[in-house]
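[1] What shape does this take:
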Amino acid sequence: MGSTFIVHGVTLGAEGIISEFTPLPRELPHRWSWKELAGHLLLKGLTAVVVLPFYCASLVETVQSEIVRDESASGLLDCVREGLARLLHLGAPHSRRLLPLSCLLLPAALHAILRYAMSTTVQQVALWFYQRGRKQRPEPSNPLDAYFPELVAAWAGALVADVALFPLETALHRLSLQGTRTIIDATDGVVATGAGASPLVLPVNTQYDGLSDCLHTIRRKEGGAGYYRGFGALVAQYTLHVLFISPHFSFETE
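    Next up, the predicted model:
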């Protein structure tokens, strides 16, 4: 969890620094031009490129099996150290299957731009429909009630974007993990050992050459369902979101 917060902080910092030293707008005005929109989306893509090494390091920590993790050697800033090591080609050598960061720049930037564009569009459309239906009702006096529609709209936007881009995110994750000697849990089953059973762990042994090869290989070997492996975790995530916002929704409708 610590590396996830670090990546989020690096993302905010990188976006702020890039917007300060370039004409790329960090926020769009109420009436924006196509040039401002293109610059704003370019900023999102450049930020994803800058954060990519640390995102890859955080991803390894996120999916690495607890069985093989050395807790004594793990630290809060391991994500930063591993990200810099991958960027500068330092530290212990990885497998020859490790893809250079240049092969991951386009998938990372594409995913960041598409996710932001889709989530923002759905959010604005949801808010427009809500405001259109609330014209005849009095303005809420509680600040929480006024903010709640924005919260629900943001939730809907993130949900639509994550579901639609799940195949691209699956490919990006597989490319990022390839060659990093990551050991993951095989959640599809267990292996029997003696009288009992223990969780099965597997190394990441993919041989993808790039984004297009990864997508075609998944389609050929795993079928269309291969793009959505692990989709249950996303369902659990957004179900948890609903559990948090549904009590207020029920109170508001009453």
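[2] Does the spatially most central residue of the chain lie in a helix or a strand, and which?
    Closest residue to the average C-alpha location of the chain: Glu169 at 7.2 Å, with C-alpha atoms, centre = their mean. In the assignment (DSSP states H and E), Glu169 maps to helix 166-177.
[3] roughly how far is that helix from the heart of the chain?
    10 Å (C-alpha atoms, centre = their mean, to the nearest Å).
[4] and what of stretch 98-113?
    13 Å.
[5] That stretch: which residues count as buried?
    For stretch 98-113, burial by neighbour count (16 or more other C-beta atoms under 10 Å) applies to 98-99, 101, 104, 107-113. Glycine gets a C-beta too; all of them are placed from N, C-alpha and C.
[6] Residues contacting that stretch, please?
    Counting by C-beta atoms under 8 Å, 6 or more residues apart in numbering, stretch 98-113 makes contact with 41, 44-49, 52-53, 55-56, 86-87, 165, 168-169, 171-172, 175-176, 178-180, 208, 210-211, all of which sit outside it.
[7] cool, stretch 122-131 as well?
    Under C-beta under 8 Å, 6+ apart, the answer for stretch 122-131 is 149-150, 152-154, 156-157, 160-161.
[8] And those residues, which is closest to Phe244?
    Set against Phe244, the nearest of the contacts of stretch 122-131 by C-beta to C-beta is Val152 (11.3 Å).
[9] Give me the neighbour count for the closest one.
    By the measure other C-beta atoms under 10 Å, the count of residues near Val152 is 20.
[10] for Thr170, same thing?
    Residues near Thr170, counting by other C-beta under 10 Å: 19.
[11] and if you look at Pro203?
    12.
[12] in the stretch 51-200 of the chain, which spans are strands?
    183-193, 196-203 (DSSP state E, counting those that start in this stretch).
[13] Quick check: what element follows the last one along the chain?
    Pointing back at strand 196-203 there. helix 211-222.
[14] What segments of the stretch 1-150 of the chain are helices?
    2-21, 34-63, 78-88, 102-133, 143-164 (DSSP state H, counting those that start in this stretch).
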